[in-house]
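Peer 1: Sharing a sequence plus its predicted fold:
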Amino acid sequence: PGHCECTSRPMYGAEMSRASLPRNMIENSMFEEEPDVVDLDKDSTVVYEPRSSRLLVRGLGENDLDDEEEDYESSARLLGMSFMNRSSTHNPSSSPYNRQAPPRSCSCSSARMLVVGVFILVLVASMAMALYFLPGCTFTKAGCGKANSSTPMEPSYPNSTNGELFPWNELRLPASVRPVNYDLSLTPNLTSMTFTGRTVINMTILHDTKRIVLHSSELNITKATFQDKSVEVKVLEYKPWQQIAVSFPEDLKVGQVCVLTLDYAANLSHTYDGFYNSSYNDKTGAKRVLAATQFEPQAARKAFPCFDEPAFKATFLVRITREPGYITLSNMPQAKTTTLPSGLLEDEFEQTGVNMSTYLVAFIVANFTSITRNVSNTLVSVYSVPEKKEHTHYALDTASTLLHFYNTFFHIDYPLRKLDLVAIPDFLAGAMENWGLITFRETSLLVGNQSSPLDKQLIANVVAHELAHQWFGNLVTMRWWNDLWLNEGFATYWQYTSLMTEFPQLDLDNVFLGVRFKAMAKDCLNSSHPVSVSSQVTTPEQVSEMFDSVTYEKGASLLLMLKTTLPDGQFRKGLIKYLDNYRGSNTVTEDLWNSLTQVGVQESVSDMMRTWTLQNGFPLVTVSRMGGHVTLTQEHFLLSADNATHTSNLWHIPVTYVNDSCSSAPSCRQIFTLRNKTATLNVSDSVKWLKFNYMNTGFYIVHYGDEGWATLIDALKTDINTLTPHDRASLIHNIFALSRLGRVSFRQVLNLLDYATSETETAPLTEALSQLSSVYRLLDKRQEQRLVARMKVYIWGHFGQLMDSQDWGEEESVSRQELRSVLLEMACSLGRQNCTDQATALYDQWTNSNQTKQIPGDLQRVVFSTAAQSDLRWLSLMEAYSSTTYDSEKRKILQALASTQDPQSIVCTGLEGGIIQTQELPLVISTMSDGFAGHLLVWEFVKENWDRIIEKFPVGSYPIQSIIKSTTSQFSTQTHLEEVQRFFSSLKERGSQMRSVQEALETIRLNQLWMDRNLPTLRIWL
């Protein structure tokens, strides 16, 4: 899917929230086996598809709390949300995987234990001998009824809801039946919040079988017929796996074409997946209702019975019945509308001209308005609630430009006649790439014409990501969720690449650099996972956790490294070949490398890329020099607090470098492939210094040794422009990472930062302030008040002059806006008088002018957050939050409300549920966690309300990952480590096995280790 909101990376370097973009975005160590290959000619399984998707965050709904929920509600008000309001159920798919509680320990005397142990051993030995000497016997469910033969044991099947045996026993569907076409008719009732449906599935039989097994979840099937519609068949259901089945006395034969018709009824979902209801208030204050869909990864089965796995592509014909006051939208253009005898209208859409995976099907029933434009034979439309029609123009302009770019670049035109972009008031993900009907949060699509370029940058990012998916994900789809990076890594890469080409003024190269740093912060932990996971990804939780920064951002980073390694034009040729070879079908990672090889890319490139996609982590390259001989040594860059053995993994590293004679122009770049543990590079004796990983396009970290670092620092102090801004940011990032690894002292970090008093460029300054901010927050949470005060003095000494010189008026350059907001947010948060005075004055002008005197968009967050520290201004912000129609402004006000130093004020004001949507809960928690006053409060809140939280945000989903990370990543004591461990262990199947929990525990241990190493010396150096 689309986009994820990201929280700051713990200590490794705080992420600036706007660079957190995408979308919908956690995992494990190196695996040996190859990914499963689905052979649709065998009655085997294709893997089970779950996912708690591109979830950004999502809101809850109506006020229907009963008395038992009062305690939860009062806790929720703590954060100004009644996010407990919507009823919802836990993900049913997890039930067959309920983990056993560990046996309770018991104490008994060692003597008695010895006797018991001996008795058990004797008993086991006796039974083994008895079995051995029994006549040959096969133990089946019926007992020992016959002699052993070559017949295998009968498989064990679960019981369906009616008590009969269910004819299938795996989470992944059998591959003996393939859907060809779905004919869907749906009648939603937006008063009773229910819907009825009829699904007619045309199928072909690929392998003789006596059963048809497909998915259905929370649907009450009222009638089922097979072939001749007068012949009813019995449908069996196994709810834990969300599967239904029809069994037949005789085999359905290979090549047979058959039709299954299913009538059903269901409630519209109260969560934010499946076919769900939502509501908003129009400009008169009247409540408006709508119904929309979110199917990725496993929720199409909640709207219609289907083969709900990405490899089961088919065509779809959709009909939706509605009341006259609404419009309906689906993937295809509307073909006709029929008035029914009841007075309702039935809209029929054209059949899809392309084969689609079920997770890309979408439909909406709402009262929206649109603006449209014709682009290359495609009608592009942007839909919104009527009140926000004026905020849709920028999205239409951006989508039109990017559609033309992708059509041209990929040499394959977008295949549908229309492309709708729809802003939904209540939507969990950042966006979702449904083919022809892309759905967005309002904050990801709508922006005022007068909004700042930074606000427009966010919209452009999400639109570019979703449009890239129309090729990478929709036209060519990964076969299973273990290769999700083929969808999300590509969409993330093209999001930045397309915007850097078509909208250079948006300054996306700095954002993309920050994204690469962010991916490393996750990938340097033991809890990371390979980009292409070859271990089992089957349960809903496992699929949900694939939507993380490794899949999105590391995937994109590896594509950038590949592109910059290949000769000009080769990367594009290879991708066009890949799209052309596999259009309309499903792929695994190996198909990508094969396509590159077909256009003349050397086989060694595929070998190189396998070392990056099939193992987790990335390398550390250590440089040592003796005259003209430069020795490069690689090892796994793994942060570990317990001296874990480092892996012997090797990468094929395209090492790029420049030297003092030519260091900033692209033509200066030289390349050397490091395939072995160690290799030697020869350079001229006259070369004074070398800088590796030019422009930070490689996914590795470099350690220059004491001498190498000293030479580079001297070079920067002599002439700051001897290296590009990206290379300077890369040095700052690398030295902080090496400090965390224990390879350099914090003194060396500060030595490098001494050059930064002359720095004026956005990328290096943003990285330096981000890293220092992480250290500052960590010290603050440890209540090291003297050190916190000294750290503040250090930051002001190095950057105070630059902070004070910032202008508070309108600024055109996006890069300067980014830098200004970072500098001023840090200055005001540290209480720098010049900053807080200016921010307060701007806020008062804004309120006194009845919000007509605009605050520049990039300064809104710092101005609102500063104002929120005063009780009176906090209350006026609360009013502004309720009344503003500008979504980007609303989000910044929310962050300000959550950043108050007195979190109790949120409780006292009692933000009644509904004012703040629950979809914003992860953002509120993240913001409060950053402040000293809020971080313990929200941790307690999360512990007390965990069960309610996972009703809204499924276990493993991106919002849950975000909540865990933001509430725990700044802990650094043994007490907190044990408390976090204890809490998550107690959850069992409600979250204890999540990779994000392992990541949280690792991060706390690493914070502890860093503190132990550096606190004594920090006291001296600062």
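Peer 2: Looks like it came in fine.

Peer 1: which one's the longest helix in this structure?
Peer 2: Counting residues, the longest helix found in the chain (DSSP state H) is helix 995-1021.

Peer 1: elements contacting that one?
Peer 2: Secondary-structure packing of helix 995-1021 (3 or more CB pairs under 8 Å, 6 or more residues apart in numbering; DSSP states H and E): helix 725-741, helix 746-753, helix 762-781, helix 785-804, helix 958-968, helix 974-987. Any C-beta I mention is one placed from the backbone N, CA and C, and that applies to glycine too.

Peer 1: Could you say which of the ones you listed is packed most deeply?
Peer 2: Using mean count of other CB atoms under 10 Å, the stretch among the helices and strands packed on helix 995-1021 with the largest mean neighbour count is helix 958-968, at a mean of 27.

Peer 1: Give me the distance from it to the chain's centre.
Peer 2: Using CA atoms, centre = their mean, to the nearest Å, the distance from the centre of helix 958-968 to the centre of the chain it belongs to is 12 Å.

Peer 1: rewinding a little: and of the helices and strands packed on helix 995-1021, who's closest to residue 246?
Peer 2: Taking CB to CB, helix 958-968 is the member of the helices and strands packed on helix 995-1021 nearest to residue 246, at 35.9 Å.

Peer 1: Packing partners of that closest one?
Peer 2: The criterion is 3+ CB pairs under 8 Å, 6+ apart, and the helices and strands that helix 958-968 contacts are helix 921-930, helix 932-944, helix 946-952, helix 995-1021.

Peer 1: Deepest-packed of these, please.
Peer 2: By mean neighbour count, with neighbours taken as mean count of other CB under 10 Å, helix 921-930 ranks first of these at a mean of 26.

Peer 1: Can you tell me the closest non-neighbouring residue to residue 734?
Peer 2: In this structure, residue 734 finds its nearest non-sequential neighbour in residue 701, 5.0 Å apart by CB to CB, 6 or more residues apart in numbering.

Peer 1: shouldn't the one you found be in contact with residue 637?
Peer 2: Yes - distance between residue 701 and residue 637: 5.4 Å, which falls inside the contact criterion (CB atoms under 8 Å).

Peer 1: Need the residues touching each of the two.
Peer 2: Counting by CB atoms under 8 Å, 6 or more residues apart in numbering, the common neighbours of residue 701 and residue 637 are 618-620, 737.

Peer 1: Can you tell me which of these is nearest residue 853?
Peer 2: For the shared contacts of residue 701 and residue 637, the minimum distance to residue 853 (CB to CB) is 43.7 Å, reached by residue 737.

Peer 1: For residue 817, see how far away the closest residue to the closest one other than its chain neighbours is.
Peer 2: The spatially closest residue to residue 737, leaving aside those adjacent along the chain, is residue 701, at 5.4 Å (CB to CB, 6+ apart). Per CB to CB, to the nearest Å, residue 701 is found 29 Å from residue 817.

Peer 1: Repeat that for residue 292.
Peer 2: Applying CB to CB to residue 292 and residue 817 gives a distance of 33 Å.

Peer 1: Likewise for residue 554?
Peer 2: Noted for residue 554: a distance of 28 Å to residue 817, by CB to CB.

Peer 1: out of these two, which sits in the busier spot?
Peer 2: More neighbours sit around residue 554 than around the other of residue 554 and residue 817, counting by other CB atoms under 10 Å; the figures are 31 against 24.

Peer 1: Run a quick neighbour tally on the residue lying closest to the more buried one once chain neighbours are set aside.
Peer 2: The shortest distance from residue 554 to any residue other than its chain neighbours is 4.1 Å, reached at residue 519 (CB to CB, 6+ apart). Using other CB under 10 Å as the criterion, residue 519 is surrounded by 28 other residues.

Peer 1: So residue 519: helix, strand or coil?
Peer 2: When the structure is split into helix, strand and coil by DSSP: H, G, I helix; E, B strand; the rest coil, residue 519 lands in helix.

Peer 1: residue contacts, it?
Peer 2: The contact partners of residue 519, by CB under 8 Å, 6+ apart, come to 549-550, 553-554, 556-557, 699.

Peer 1: ranges for the strands of the stretch 401-550 of the chain?
Peer 2: Along the stretch 401-550 of the chain, the stretches classed as strands by DSSP state E, counting those that start in this stretch are 418-424, 431-432, 437-441, 477-478.

Peer 1: Which one of those lies nearest to residue 230?
Peer 2: That would be strand 437-441 among those, by CB to CB, at 35.8 Å.

Peer 1: Which other helices and strands does the closest one contact?
Peer 2: For strand 437-441, the elements it packs on are strand 287-294, strand 363-366, strand 418-424, strand 431-432, helix 453-469, judged by 3+ CB pairs under 8 Å, 6+ apart.

Peer 1: Got the confidence number for the residue lying closest to residue 728 once chain neighbours are set aside?
Peer 2: By the measure of CB to CB, 6+ apart, the closest residue to residue 728 outside its immediate chain neighbours is residue 764, 4.1 Å from it. The predicted structure scores residue 764 at 98 on the pLDDT scale.

Peer 1: could you measure residue 764 against residue 716, distance?
Peer 2: 10 Å.

Peer 1: Moving C-terminal from the one helix or strand residue 187 maps to, which element do we reach first?
Peer 2: Using DSSP states H and E, residue 187 sits in strand 177-189. Next in sequence after strand 177-189, counting helices and strands by DSSP H and E, comes strand 194-205.
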